[in-house]
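Chemist: I'd like to go over a predicted model; first the sequence, then the structure.
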Amino acid sequence: MLAFFFEGSFMPNRYICSVLDEMRECLKTNNFSYLGGLIEEAQTLANRMEAKLHTINDFEYFEKRLKKLKAEARALEKDDD
């Protein structure tokens, strides 16, 4: 796979479905010479997806926690007045 540069960055992100399609093409042509690389690429893409899902989950958790703490702070300020 060639790495092309677009405005100083690498190629746009690839989807795991594209990698799976290439794996299917290996089966059709019985050319498995590059299958190992595709497996590694699929694993990398899946790991990135999982990491992103965890990051999103963390943001949601901390956003809820922040709202709760702000409400507690407002209640404490109200009690001080």
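Modeler: In hand now; what should we look at? Numbering: from 1, shown residues only.
Chemist: which stretches of the protein form helices?
Modeler: Remark: helices assigned in the chain by DSSP state H are 16-29, 35-80.
Chemist: the shortest one: which residues count as buried?
Modeler: Pointing back at helix 16-29 there. Val19, Glu22, Met23 (16 or more other CB atoms under 10 Å). Yep, even glycine has a C-beta here, placed from its N, CA and C like the rest.
Chemist: can you redo those as TSV with distance to Arg48?
Modeler: Below are the buried residues of helix 16-29 laid out as TSV (distance: CB to CB, whole Å):
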residue	distance to Arg48
Val19	12
Glu22	18
Met23	18
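Chemist: with mean pLDDT added, can I get the helices of the chain in JSON lines?
Modeler: Below are these laid out as JSON lines (pLDDT from 0 to 100):
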{"stretch": "helix 16-29", "mean pLDDT": "95"}
{"stretch": "helix 35-80", "mean pLDDT": "93"}
